[in-house]
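Asks: Return a 3D structure for these sequence lines:
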Amino acid sequence: HVQLVESGGGSVQTGGSLRLSCAVAGYTRGWYCMGWFRQAQGKEREKVATIDSSATTYADSVKGRFTISKDNSKNTLYLQMNSLTPEDTAMYYCAASPSWCYAAVFRSWGQGTQVTVS
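Replies: Numbers count the residues shown, from 1 in each chain. From the prediction side, this is the model:
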């Protein structure tokens, strides 16, 4: 079992930047794929970015603006978000999968951190 705790959300103006963090605690071994998801009010959850040992992937809507990374020494996942627009407003969640990203099944989820862009 692994616990995920997001932080770093907040309110920012259009064009601004935020960096989200996801602290991973508990049994951290065996979680091969990590991802960031978001859900805007009234919309379905969207996969934003994923990362494993071999690759990163991004939703088309964030390519070139967002960067996913992780620091294994700190057991922390990051999402650097630049050039934010109001369309990026959502609750952001990190998640972990026990399989590689190409076959990810995200079974552990954080509580989310709100990002609001105005």
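Asks: ok, the most centrally placed residue in the chain to A25 distance?
Replies: Residue closest to the mean C-alpha point of the chain, counted by Cα atoms, centre = their mean, is W36 at 2.2 Å. Between W36 and A25 the computed distance is 18 Å (Cβ to Cβ, to the nearest Å). (C-beta placed from N, C-alpha, C; glycine too.)
Asks: cool, and K74?
Replies: Per Cβ to Cβ, K74 is found 11 Å from A25.
Asks: Run through the strands of the chain in chain order.
Replies: Under the criterion DSSP state E, the chain carries strands at the ranges 2-7, 10-12, 18-26, 33-39, 46-51, 56-58, 66-71, 76-81, 90-97, 108-109, 113-117.
Asks: what comes up buried for the third one?
Replies: If I follow you right, that is strand 18-26. Buried residues in strand 18-26, counted by 16 or more other Cβ atoms under 10 Å: L18, L20, S21, C22, V24.
Asks: cool, the fifth one as well?
Replies: Going by neighbour count (16+ other Cβ under 10 Å), the buried part of strand 46-51 is V48, A49, T50, I51.
Asks: what do you get for the first one?
Replies: Of the residues in strand 2-7, those buried by neighbour count under the rule 16+ other Cβ under 10 Å are V2, L4, E6.
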